[in-house]
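Participant: coordinates only, no sequence provided:
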């Protein structure tokens, strides 16, 4: 079949042709945002899940929906090596400049822009990566103390007052939230809490790895009362089938029942893998219908493609010691695994492996579902580790 018309799109954050199985969480967020706009008490939403479940795609679709409904949207991805103020300030400036075009909110938006100027200048010494255009001189005493946990709530409050006057809400869409440092995460939670207490229309829709729930609680003990944490997991079988059949149907192509079942089984319902298998099955098929033999051929190519991209990118970030730790986990299977069992495979004691485990959690490679348990954040990574480090040489 013509590869030009292949509808499937494996890629980091690439929107799939059919966003199946996510209607419930999209509706939850839609209702939350409308309540915030009206000033009703509402929790912010943080989606948590493993790699490859489509959190980024879902976050972007929610942002598009919100923007179409008239919300002021800020889209941020938290990188590992930059501060929250540095990535937040430029996006807040854009949102405030948009608000300043509203006649009713102009003066309040201008005041918030003055607050942003003071915020950036006061924190520049501590967070030297802050680079933002300043449109007005600072207003003395507004968000300019140089203390993030004091200044960010003041700044959010000023933004919220302007958004309320404009009849809208500011919505922060933050991806990879687990990379925000604890002190900065605490300031963000405090700022959102202030807005919630004063019923100002400022809220957040975030996404991150499963450990984010624990990180939020450590940053601020009341975080569990301020946020909802819907878990984004693999698609149920019916949604996974729809994610495959609908794009094919739109191109006038059908797939045999056995072939469809094989893709669902091989991908375990993970959206990223569905896109990879769908792409390769299309390319392997000579004509419609796509058969089980086509999927069998596609599976070999899909695994090779994942090994060289999705999996390999993460593997290459690891030190030799970290690779051995994850290979020991893979020896035990998909997981989760007790830390003591991993230590036994490595012939080490648990305490000595603590720093390695901590580094892997910080890199987003593993997480702890329960105390003493360790699990991969990347689906099917155990099989990859056995392929990339076969035999027993890794033990030495």
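Facilitator: Done, it's in. Bear in mind the structure is a predicted one, so any value in this text is a computation, not a measurement. Residues are numbered from 1 along each chain as shown.
Participant: my guess is residue 145 contacts residue 153. True?
Facilitator: No - applying C-beta atoms under 8 Å as the test, residue 145 and residue 153 come out as separate, 10.9 Å apart. Using the backbone N, CA and C atoms, a C-beta is placed for each residue, glycine as well.
Participant: okay, the two: which has more neighbours?
Facilitator: Neighbours were counted for residue 145 and for residue 153 using other C-beta atoms under 10 Å; residue 153 has more, 22 against 15.
Participant: so that one, which of the three states?
Facilitator: helix (DSSP: H, G, I helix; E, B strand; the rest coil).
Participant: so what's it scoring on pLDDT?
Facilitator: Looking at residue 153, its pLDDT is 97.
Participant: any idea how far it is from residue 137?
Facilitator: Separation of residue 153 from residue 137 (C-beta to C-beta, to the nearest Å): 22 Å.
Participant: residue 342 too?
Facilitator: Between residue 342 and residue 137 the computed distance is 57 Å (C-beta to C-beta).
Participant: then residue 284?
Facilitator: Distance from residue 284 to residue 137, by C-beta to C-beta: 63 Å.
Participant: comparing these two, which residue is more hemmed in?
Facilitator: Higher neighbour count among residue 284 and residue 137: residue 284, with 20 against 11, using other C-beta under 10 Å.
Participant: just to check, the more buried one is in contact with residue 302?
Facilitator: No - taking contacts as C-beta under 8 Å, residue 284 lies outside contact range of residue 302: 9.8 Å.
Participant: am I right that residue 235 sits in a strand?
Facilitator: No - using three-state DSSP, the assignment for residue 235 is coil, not a strand.
Participant: what residues does the one helix or strand in the chain whose mean pLDDT sits lowest touch?
Facilitator: Here the helix or strand of the chain ranked lowest by mean pLDDT, DSSP states H and E is helix 223-226, holding a mean of 90. Helix 223-226 is contacted by residues 43, 44, 189, 192, 193, 196, 213, 216, 217, 220 when judged by C-beta atoms under 8 Å, 6 or more residues apart in numbering.
Participant: tell me the two of those that are most distant?
Facilitator: Greatest spacing in the contacts of helix 223-226, by C-beta to C-beta: 196 and 213 (18.6 Å).
Participant: how about the contacts made by residue 61?
Facilitator: With contacts defined as C-beta under 8 Å, 6+ apart, residue 61 is in contact with 15, 19, 22, 26.
Participant: gap between the residue lying closest to the first one once chain neighbours are set aside and residue 20?
Facilitator: So that's residue 15. Distance criterion C-beta to C-beta, 6 or more residues apart in numbering; nearest residue to residue 15, sequence neighbours excluded, is residue 57 at 5.4 Å. Applying C-beta to C-beta, the value for residue 57 to residue 20 is 11 Å.
Participant: quick one: distance of stretch 228-237 to the chain centre.
Facilitator: Remark: stretch 228-237 is offset 13 Å from the chain centroid, using C-alpha atoms, centre = their mean, to the nearest Å.
Participant: what about that stretch, average pLDDT?
Facilitator: Here the average pLDDT along stretch 228-237 is 96.
Participant: quick one: contacts of stretch 338-348?
Facilitator: Residues beyond stretch 338-348 that count as contacts (C-beta under 8 Å, 6+ apart) turn out to be 324-325, 328-329, 331-332, 349-350, 352-353, 357, 372-374, 395.
Participant: and those residues, which are buried?
Facilitator: Among the contacts of stretch 338-348, those classed as buried by 16 or more other C-beta atoms under 10 Å are 324, 325, 328, 329, 331, 332, 353, 357, 374.
Participant: of those residues, closest to residue 248?
Facilitator: Taking C-beta to C-beta as the measure, residue 248 lies nearest residue 329 of the buried ones among the contacts of stretch 338-348, at 36.4 Å.
Participant: who are the neighbours in contact with the closest one?
Facilitator: With contact set as C-beta under 8 Å, 6+ apart, residue 329 has these partners: 335, 337, 342, 366, 374, 376, 382, 385.
Participant: give me the subset of those lying in strands.
Facilitator: 337, 366, 374, 376 (DSSP state E).
Participant: ok, back up a step: filter the contacts of helix 223-226 to the buried ones?
Facilitator: The neighbour-count test (16+ other C-beta under 10 Å) marks 43, 44, 189, 192, 193, 196, 213, 216, 220 as buried among those.
Participant: nearest residue to the fifth one in space, ignoring adjacent ones along the chain?
Facilitator: Taking C-beta to C-beta, 6+ apart as the measure, residue 193 lies nearest to residue 226, with 5.8 Å between them; neighbours along the chain are not counted.
Participant: I am finished for the moment; much appreciated.
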